[in-house]
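[1] show me the folded form of this:
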Amino acid sequence: MSGSGSENADPAELRKFDAIAPEWWDPAGSSRPLHELNPARVEYLERIAGLADRTVVDVGCGGGILSEAMARAGARVTGIDLAPAVIEVARAHAAEGGLDIAYRSISAEALARERPAGFDLVTCMEMLEHVPDPATTLAALAALVRPGGDVVVSTLNRTWLAFLVAIVGAEYVARVLPRGTHEYLKFIRPAELARWGRATGLVLRDLTGVGYDPLTRSFGLSHRTAVNYLAHFRRADP
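    The predicted structure follows:
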């Protein structure tokens, strides 16, 4: 969960995620929401793109929660992040689990220059709202995926409800996230995301919301996109 390029990354954000790296795999720690959210993410990826035998790059992979789940589902996974400490955590945890995941500390832009159109599926979860220029990041994601391939991102909608849930509720009331994790003005409206995608040859195919059930402490897919949402793009064929 970091910026995707040295020219498009906030050093303060990188330090923020490096600081929580040691507890990344603690399901009761500061990454608890990511652990709880992951099954819904994997369900969505399986539904719209499939994972078995697909070549995937997980941009802003953090400590590897999603990367490992995709690898266990049969994908050939590369995980990239610019926060060095979380990449080390990801490598160590994958090794403990006997998973063959290629983790690298490299920007999406640099990887796209190295492996243009090199992946069947590109994922970028809960990262766009943490970079200075999300449109530039989306362009890098488009460069990474092959024509006809899939790009899936998740982010937060810029609505009053998202402010209440993701900042007031999660950071100040329930305290399941450290204060300062999110900045409201960096939240992204779906129309903005769709416009940035069109400019890079990505066609928006689906928007699906993510809802939280506090009783079961679990996330599920929803038609409501006012807070968290997933967006599925497909790169147009030449």
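[2] now Ile80: phi and psi?
    The phi and psi values for Ile80, taken as degrees, to the nearest 10, are phi -130, psi 150.
[3] which strand residues bridge it?
    Beta-bridge partners recorded for Ile80 (DSSP bridges): Val59, Arg104.
[4] so what pLDDT did it get?
    At Ile80, the predicted lDDT confidence score is 98.
[5] buried set for the biggest helix by length in the chain?
    If each helix of the chain is counted by residues according to DSSP state H, the longest one is helix 32-48. Applying a neighbour-count criterion of 16 or more other C-beta atoms under 10 Å, one finds 33-34, 36-38, 40-42, 44-45, 48 buried in helix 32-48. The way it works is simple: take the backbone N, C-alpha and C, and place the C-beta from them, glycine included.
[6] secondary structure element for Gly211?
    strand 202-213 (DSSP states H and E).
[7] same question for His232.
    His232 belongs to strand 228-235, assigned by DSSP H and E.
[8] thinking again about what came up before, what mean pLDDT does the longest helix of the chain get?
    93.
[9] what helices and strands are in contact with it?
    Helices and strands touching helix 32-48, by 3 or more C-beta pairs under 8 Å, 6 or more residues apart in numbering; DSSP states H and E, are helix 65-72, strand 119-125, strand 145-156, strand 202-213, strand 218-222, strand 228-235.
[10] starting at the chain centroid, how far to the helix-or-strand element of the chain with minimal mean pLDDT?
    Least confident helix or strand, the chain: helix 11-19 with a mean of 83, by mean pLDDT, DSSP states H and E. Once both centres are worked out by C-alpha atoms, centre = their mean, to the nearest Å, helix 11-19 turns out to sit 16 Å from its chain's centre.
[11] kindly export that helix (C-alpha atoms) in PDB.
    Only the C-alpha atoms of helix 11-19 are listed here, as PDB (Å, rounded to 0.1, in the frame of the first residue of the first chain):
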ATOM      1  CA  PRO A  11       7.300   9.800   1.500                       C
ATOM      2  CA  ALA A  12       5.100  10.300   4.600                       C
ATOM      3  CA  GLU A  13       2.800   7.600   3.300                       C
ATOM      4  CA  LEU A  14       5.700   5.200   2.800                       C
ATOM      5  CA  ARG A  15       6.900   5.800   6.300                       C
ATOM      6  CA  LYS A  16       3.400   5.300   7.700                       C
ATOM      7  CA  PHE A  17       3.100   1.800   6.200                       C
ATOM      8  CA  ASP A  18       6.700   0.900   7.000                       C
ATOM      9  CA  ALA A  19       5.900   1.700  10.700                       C
END
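[12] in it, what counts as buried?
    The neighbour-count criterion (16+ other C-beta under 10 Å) identifies 13-14, 16-18 as the buried residues of helix 11-19.
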